[in-house]
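1. Mind looking at a prediction? Sequence and model below.
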Amino acid sequence: MRTLMTATAAWLLTSAVGATPAENNAAMLKLATDRGCMACHTLQPAAPRADGLPPIAPAWRDVSIKYRNDPRAHDTLTRTVLDGSNPAGRHWVGKVSPANMPPQAGTVSADEARRLVNWLLVLVP
């Protein structure tokens, strides 16, 4: 049993490390789509909506730019994914709808949230 666990851990480590950036992007985009993230978010800033209203949520490229130099970004964004955003802490005013992000802990696991945040923080080099 111990050998199986060691072999599995080694396989997981090498498969994650051996993935190309394109493979990682495809896997993370699939995860984001499967978990419903893309219902509100886009990768790139979207054109204005036909109804004249701002987008529902910020584009991940914008999130990446805003938070890439923030040492607390990973923890802050992971917590936001799992627990939702604070409606009093509006920091996308005028850029997105006034709705806050609902908690996703029932839809996205803590590990998935961490992986998604890791990915979106490196979308913009």
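-> Sure, I can see it.
2. In contact with the residue lying closest to residue 67 once chain neighbours are set aside: list those residues for me.
-> Spatial nearest neighbour of residue 67, chain neighbours left out: residue 73 (3.8 Å); criterion: CB to CB, 6 or more residues apart in numbering. C-beta here means a position set from N, CA and C on the backbone, and glycine is covered the same way. Residue 73 makes contacts with 67, 117, 121, as judged by CB atoms under 8 Å, 6 or more residues apart in numbering.
3. Neighbour-wise, which one of these leads?
-> residue 117 (21 neighbours; other CB atoms under 10 Å).
4. Let me know the distance separating that residue from residue 48.
-> 27 Å (CB to CB, to the nearest Å).
5. and if you look at residue 30?
-> 28 Å.
6. go on, residue 95?
-> Remark: distance between residue 95 and residue 48 (CB to CB) = 11 Å.
7. When those two are compared, which one has more neighbours?
-> residue 95 (13 against 9).
8. who touches both of residue 95 and residue 48?
-> residue 54.
9. So, low pLDDT: which residues of the chain?
-> Filtered on pLDDT under 70, the chain yields the residue ranges 1-18, 125.
10. how about the helices in it?
-> Under the criterion DSSP state H, the chain contains helices at 2-18, 21-34, 60-67, 73-83, 110-121.
11. Kindly tell me how buried residue 112 is, as a neighbour count.
-> Neighbours of residue 112 using other CB under 10 Å come to 20.
12. and the nearest residue to it once chain neighbours are set aside, how many residues sit next to it?
-> Leaving aside its sequence neighbours, residue 112 sits nearest to residue 31 (CB to CB, 6+ apart; 6.3 Å). Residues lying near residue 31 (other CB under 10 Å) number 15.
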